[in-house]
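1. Build the 3D model from these lines:
(2 chains)
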Protein chains: 2
Amino acid sequence: MEIIPEVLEMGRRARQAARVAAAACGGMRSKALALMPQKLHDAAERLYAANGEDMAVAEAAGTDSAKLARLRISPKVFDYMCDRLVEVAALPDPVGRVIEGHVRPNGLYVSKVSVPLGVIGIIYESRPNVTTDAAAVCLKSGNAVILRGGSESRRTNRVLADAMAEAVVEAGLPADLVQLIDSPGHEGAASLMRLTGYVDLIIPRGGKSLIKAVAEQSLIPTLKHYEGVCHLYLAADAPFEMALEVALNSKCQRVEVCNALEKLLVDAASAERLLPALAEAFSAAGVTLRGCERVREILPDVAVATEEDWQAEYLGPILAVRVVDSVEAAIDHINSHGSGHTDGVVTESLAVADRFAGAVDSASVMINASTRLSGGGDYGMGAVVGISTDRIHARGPVGPAELTTTKWIARGQGHLRN
Amino acid sequence: MEIIPEVLEMGRRARQAARVAAAACGGMRSKALALMPQKLHDAAERLYAANGEDMAVAEAAGTDSAKLARLRISPKVFDYMCDRLVEVAALPDPVGRVIEGHVRPNGLYVSKVSVPLGVIGIIYESRPNVTTDAAAVCLKSGNAVILRGGSESRRTNRVLADAMAEAVVEAGLPADLVQLIDSPGHEGAASLMRLTGYVDLIIPRGGKSLIKAVAEQSLIPTLKHYEGVCHLYLAADAPFEMALEVALNSKCQRVEVCNALEKLLVDAASAERLLPALAEAFSAAGVTLRGCERVREILPDVAVATEEDWQAEYLGPILAVRVVDSVEAAIDHINSHGSGHTDGVVTESLAVADRFAGAVDSASVMINASTRLSGGGDYGMGAVVGISTDRIHARGPVGPAELTTTKWIARGQGHLRN
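-> Predicted coordinates:
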């Protein structure tokens, strides 16, 4: 496949702009972000008109109502976008942190400092608030961003990107720090994924099929979020109330999200004590249980969980429940069936908590806390561009600090190597 | 291409072993490393015999003498390998560092800790000391390693890998933490690069063609070292003695390595003052200069540097020299022609030093120090598995800390999401 010349040129310009941003101070980047809400307000009329056009085209094309709802910029969504920009502007600068530094025995002073990653490509689906959210997180850390949103929201995204670029220029930075590919068709995204040398990282945001396609096609490293097959282990000593509350909240607070509970592991020693109450509570919450044979001995009405159930990410009101013999069995089950996103335990035992936290190989481990509390907001990261289930570069919520790399600076007084 | 079943099985076993290692304490990993020199001594007779066999086969196949020299385990190489293992054993544990931690307003305690990356594949060429070096760095950070050395050293590598695995077992850890693919042919390496889900990172070590091939073929993320097109900028105020010494040492201390100087940028204001003495010194050191037109005005005997010269990594006694008008021009030249490995400046000006260090987009920036001082040893990292010229995951020397990822641990008292 040929790279579209316009996209190649965007890559070149992004690299140049990224160099300027990397050498500029953080105050200019924050200023650009802080100016954006005003620029969005100035463009509000055009924005709502463009969004209305996108909606009309999508509706005429028979787009389903859920997708249409995601596409729509309501005044509430508009305010949310502006608030996030203000929030990100106020975050501490992730660039220029001295990660380590010391004087070598020969007097050479060496330090490792955080610097912008460079140029980041974001490939995403309909929600237009990703346009401002993702651009803000990238810009906060001194990166240039090339956005490739869904074709269905391209008119909306154009107004958003132009308004953001205006703010960038007013802050004294190059407009090319925020660019948008809005040509229809797949060639734009396909070209972006091939801009080796110009783009340093591709972040796909959207459904599993989008992420899989990007991961397979991209010639540039990707940072991706696959699945959240999240587990909660109720230990032998799990306190009754806490076990129920944490399990219910983990599953039901919102069922369709990546850190919602999908599998409940109940220790054999607490199964008879907890399962009947859990079954009742989940039933009242409209959640259907599927159980292993040992669960069904206690709850005969529960449907049998098949082998597929242990790997499934339902993102809906279904929960698979299994009785396990020990914390070791719970750890084994999670490490072999889970997706390494978020897994939790309810226990009063320090030994069980420490063993679980040490051995469960997941991006987030929750001890006596809802799996729904895993994420950038609840970890105090301010804003994130997604959650990585990869192990390389960044794992878990991806905020401004995760979009930096490092530079070693060595300072001597004419130091030589012998 | 089909994955060789034996290699797939190695991947499965490595993943299992990595989980055990991740949950084990650092003392066990250090013990395994500390036991290795004794195991190598116990196996010395077999090792020298195997190495002799590898040498004989390579010699019979017409291998050139430089390659044969690299393949040979001399008593000096043997001692070096043992010393490095002892050194790595004594390094601080890179696993379990609390990278950040704080209590959220709702009382949830969150912390981000370093954990092993998982399973690392190393694909490398002849030098057998890579076998022990790379395995030691991987193991230090709690990873399992699958080694794929050059076919020409496979008998040697087998003895080394077995001795290391013995030490691992004696320390109470799974033997599968150190595995070696020693089947002849390319299928072993090709299979290793396809073990998605079992291998988390591939590190190629060797010549550019090996690294390029691995980067292109691997389905697993790679961490790689391409080129070191290193620059030194002698500023307008560069002190005469220091300018000469740093330039000479950067180029001549060893010419064939990645952090050796390849391009010298001389400020127009210091060209007449410095160039004649530089030319004399480099000539005495056997280094041939190629210059831009402005260099040739001062040094008419110097050959002209072509456009290719500005991108070339000579790894030999050639140096391209250019006159630039300012620190900004030097920065532009470096950022557009360099490889982002190591670039330095000689100056007494704080403003020039800060501007250079801030704007040059390289893994290492040297201020008044030889480019040859960039590296894990000189930065105090103890041991490295290579130097990354990538921007993702790790940039610059790759030591044990760079072979970790992170895990968030959140601890509450029944915390729920509202």
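
2. Would you mind naming the helix or strand containing A:Thr63?
-> Following DSSP states H and E, one finds A:Thr63 outside all helices and strands.

3. ok, it - contacts?
-> Neighbouring residues of A:Thr63 by Cβ atoms under 8 Å, 6 or more residues apart in numbering or on different chains: A:Leu71, A:Glu152. C-beta here means a position set from N, CA and C on the backbone, and glycine is covered the same way.

4. mind checking pLDDT for it?
-> Confidence at A:Thr63, expressed as pLDDT, is 92.

5. Can you pull the phi/psi pair for it?
-> phi -60, psi 140 (degrees, to the nearest 10).

6. The longest helix seen in chain A - what's its average pLDDT?
-> The single longest helix within chain A, with elements called by DSSP state H, is helix A:5-23. Averaging pLDDT along helix A:5-23 gives 96.

7. list the helices and strands the following helix or strand past it packs on?
-> Reading on from helix A:5-23 to the C-terminus, the next helix or strand found by DSSP H and E is helix A:26-42. Packing partners of helix A:26-42 (3 or more Cβ pairs under 8 Å, 6 or more residues apart in numbering or on different chains; DSSP states H and E): helix A:75-90, helix A:129-140, helix A:154-170.

8. what packs against the helix or strand following the shortest one?
-> By that I understand helix A:129-140. Remark: after helix A:129-140, the chain's next helix or strand is strand A:144-148, criterion DSSP H and E. Contact here means 3+ Cβ pairs under 8 Å, 6+ apart; on that basis strand A:144-148 packs against helix A:5-23, strand A:119-124, helix A:129-140, strand A:178-180, helix A:187-192.

9. for the shortest one, the distance to its chain's centre please.
-> This means strand A:178-180. 20 Å (Cα atoms, centre = their mean, to the nearest Å).

10. Direction included, what does that strand pair against?
-> Partner strands for strand A:178-180, per DSSP bridges, with pairing direction: strand A:144-148 (parallel).

11. what about the partner strand, average pLDDT?
-> For strand A:144-148, the mean confidence score works out to 97.

12. cool, stretch A:355-367 as well?
-> 97.

13. Quick check: nearest residue in space to A:Ala303, chain neighbours excluded?
-> Leaving aside its chain neighbours, A:Ala303 sits nearest to A:Arg290 (5.0 Å; criterion: Cβ to Cβ, 6 or more residues apart in numbering or on different chains).

14. What pLDDT is listed against A:Pro184?
-> 81.

15. any idea how far the nearest residue to it once chain neighbours are set aside is from chain B?
-> Among residues not flanking A:Pro184 along the chain, A:Ser151 sits closest, at 5.1 Å (Cβ to Cβ, 6+ apart). According to Cβ to the nearest Cβ, to the nearest Å, A:Ser151 and chain B sit 28 Å apart.

16. my read: A:Ser151 touches A:Ile181, true?
-> No. With contact defined as Cβ atoms under 8 Å, A:Ser151 does not count as touching A:Ile181 (10.2 Å).

17. For chain B, what is the nearest residue in the stretch 251-400 of chain A?
-> Nearest residue of the stretch 251-400 of chain A to chain B (Cβ to the nearest Cβ) works out as A:Ala369 at 3.4 Å.

18. Quick check: beta-bridge partners of that residue?
-> Here A:Ala369, judged by DSSP bridges, has bridge partners B:His415.

19. A:Tyr226 reaches A:Arg391, doesn't it?
-> No. Look at A:Tyr226 against A:Arg391 with Cβ under 8 Å: they stay out of range, at 11.9 Å.

20. Compare the two (neighbour count), which wins?
-> Set side by side, A:Tyr226 and A:Arg391 show more neighbours around A:Arg391, with 22 against 18, by other Cβ atoms under 10 Å in any protein chain shown.

21. who are the neighbours in contact with the residue nearest to A:Leu180 when sequence neighbours are not counted?
-> Nearest residue to A:Leu180, sequence neighbours excluded (Cβ to Cβ, 6+ apart): A:Ala161, at 3.8 Å. By Cβ under 8 Å, 6+ apart, A:Ala161 lies in contact with A:Thr131, A:Ala135, A:Leu147, A:Val178, A:Gln179, A:Leu180.

22. and the nearest residue to A:Gly26 once chain neighbours are set aside, how far is that from chain B?
-> Of all residues not flanking A:Gly26 in the chain, A:Asp93 sits nearest, at 3.5 Å (Cβ to Cβ, 6+ apart). As judged by Cβ to the nearest Cβ, A:Asp93 and chain B stand 14 Å apart.

23. Then A:Ala175?
-> Look at A:Ala175 and chain B: by Cβ to the nearest Cβ, they are 20 Å apart.

24. quick one, phi/psi of that residue?
-> phi -60, psi -30.

25. gap between A:Asn39 and A:Val385?
-> To be clear, residue A:39 is Lys; Asn isn't right here. 21 Å (Cβ to Cβ, to the nearest Å).

26. Tell me which of these two has more neighbours.
-> More crowded of A:Lys39 and A:Val385, by other Cβ under 10 Å: A:Val385, with 29 against 22.

27. Check what pLDDT A:Leu319 gets.
-> Value for A:Leu319, per-residue pLDDT: 98.

28. scratch that, A:Ser349 is what I was asking about
-> In the prediction, the pLDDT value recorded for A:Ser349 is 98.

29. Can you read off the pLDDT for the residue nearest to it when sequence neighbours are not counted?
-> What sits nearest to A:Ser349 in space, not counting adjacent residues and going by Cβ to Cβ, 6+ apart, is A:Asp237, at 5.6 Å. Per-residue pLDDT puts A:Asp237 at 98.

30. Neighbours of A:Asp237, how many?
-> For A:Asp237, using other Cβ under 10 Å, the count is 14.

31. what does A:Asn157 give?
-> Burial measure for A:Asn157: 27 neighbouring residues, criterion other Cβ under 10 Å.

32. Touching, it and A:Leu180? I think so.
-> Yes. Using Cβ under 8 Å, A:Asn157 and A:Leu180 qualify as a contacting pair, with a distance of 5.7 Å.

33. got any residues that touch both of these two?
-> Counting by Cβ under 8 Å, 6+ apart, the shared contacts of A:Asn157 and A:Leu180 are A:Thr131, A:Leu147, A:Gly149.

34. Would you mind listing the residues in contact with the residue of the stretch 251-400 of chain A closest to chain B?
-> A:Ala369 neighbours (Cβ under 8 Å, 6+ apart): A:Val246, A:Gly344, B:Leu108, B:Ala410, B:Arg411, B:Gly412, B:Gly414, B:His415, B:Leu416.
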